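**Student:** Below are the sequence and a predicted model for it; my questions follow.
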Amino acid sequence: MSSVGFILATVYETTKLVMLGMWVHAMFIKYQDFPLQERFSLLDVLLLSPTMISAGADRFTPVITDGIVIWRAFTLLQRRRWLVIFPSFLLIGSAASYVTFIISAANDVHNVHSYVRSIAGVGVGLSLGTNTIGTALIGYAYWQVVSSLSLPINPMTCAHRLHKRDMAKDVERSTPTPAEKILALLVDSGLVYCVIQAAYFMQGFFEHNMSAVEKHVHTVFKNIYYELSAMYPTMVLALVNNHRDLETMRLMNAFIPPTIITAESNYTTIRFVVPNSITTTRAANSTVESVDRI
């Protein structure tokens, strides 16, 4: 899905460059014999197809990004996947709003720009809700992992039956595990993206009252937002992989169901062992196992 977002962003930028070339050629060469006002009318018709392509590409980029956020939440919340239903409906609504824009604009050529402004606000609002709820669900999964790792460890569940003094020392560790780091990274990046989305969404309410300089700033911020939407999944993926190593991957893949998380040794890793009767931490353990599939 990250590749799809990159492709959409590439299509958007390529289309914008093509539109610039078409505009210059039509304004100064193709339609040079027409009055100035009529040139702009002819340009609206000429640039309709590339405008539709660029608008569709940049509007669907946040949909792909939100889909990735929902997929992460769906993967992490293995025992509570029903929580993903509501943000999934918001994602469908966001995609449907952009499909409506394309159909409406195709049937009314002269009001394409008005459709872009009206539908964009609806789509960004739904996208903001989707990403906010998805990030909150990932935060809930992170809270599960942190809570499970802070539970006292039963000596009978330890793989090597460590001494109580050593176990207490391990429990009091302050260094987070790789799974905690990855989940914290997902939550933090999601919050930053939510703030950027909220800022762009709020700008839409004041767009009609902006000065010339403010409109230019809004246009620049809008383009940054859509490009960031395309790069966001890939940037997070690169940062997540930066927290992984071969030993971490080996330990996180050592799944023996049913399992429980225990702290072991001075190395900040996650060990999976078979418990006797403790079942309260299984949901959080499933969350940790799912981090590797994000």
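**Tutor:** Nice, thanks for sending it over.
**Student:** Residue 221 and residue 215, how far apart?
**Tutor:** Here the criterion is CB to CB, to the nearest Å. By it, residue 221 lies 11 Å from residue 215. C-betas here are computed from N, CA, C, even on glycine.
**Student:** and the residue lying closest to residue 140 once chain neighbours are set aside, what is it in contact with?
**Tutor:** Excluding its sequence neighbours, the residue lying closest to residue 140 (CB to CB, 6 or more residues apart in numbering) is residue 77, at 7.4 Å. By CB atoms under 8 Å, 6 or more residues apart in numbering, the residues touching residue 77 are 83-84, 137, 140-141, 287.
**Student:** ok, now how distant is residue 77 from residue 180?
**Tutor:** To residue 180, residue 77 is 17 Å away according to CB to CB.
**Student:** For residue 211, give me its contacts.
**Tutor:** Going by CB under 8 Å, 6+ apart, residue 211 touches no other residue.
**Student:** Quick check: mean pLDDT of the helix or strand where residue 74 lies?
**Tutor:** Residue 74 belongs to helix 48-76 when elements are defined using DSSP states H and E. Taken as a whole, helix 48-76 carries a mean pLDDT of 81.
**Student:** Same question for stretch 206-216.
**Tutor:** In the prediction, stretch 206-216 has an average pLDDT of 77.
**Student:** first vs last residue of it, how far apart are they?
**Tutor:** 13 Å (CA to CA, to the nearest Å).
**Student:** Now do the buried residues in it.
**Tutor:** Going by neighbour count (16 or more other CB atoms under 10 Å), nothing in stretch 206-216 comes out as buried.
**Student:** Poorly predicted segments of the stretch 1-150 of the chain, please.
**Tutor:** The stretch 1-150 of the chain contains residues with pLDDT under 70 at 1-2, 5, 105-120, 149-150.
**Student:** the helices in it, which residues?
**Tutor:** 2-25, 36-46, 48-76, 85-107, 112-149 (DSSP state H, counting those that start in this stretch).
**Student:** so who does the closest residue to residue 93 other than its chain neighbours touch?
**Tutor:** Closest residue to residue 93 apart from its sequence neighbours, by CB to CB, 6+ apart: residue 126 at 4.9 Å. Neighbouring residues of residue 126 by CB under 8 Å, 6+ apart: 90-91, 93-94, 97.
**Student:** Same question for residue 236.
**Tutor:** Neighbours of residue 236 in contact, by CB under 8 Å, 6+ apart: 185-186, 189.
**Student:** if you set the cut-off to 6 Å instead, what comes out?
**Tutor:** With contacts defined as CB atoms under 6 Å, 6 or more residues apart in numbering, residue 236 is in contact with residue 189.
**Student:** Find me the pLDDT at it, would you?
**Tutor:** On pLDDT, residue 236 comes in at 76.
**Student:** try the one 3 residues further on
**Tutor:** The per-residue pLDDT reported for residue 239 equals 72.
**Student:** what two of the contacts of residue 77 have the greatest distance between them?
**Tutor:** The span of the contacts of residue 77, defined through CB to CB, is set by 84 and 287 at 13.6 Å.
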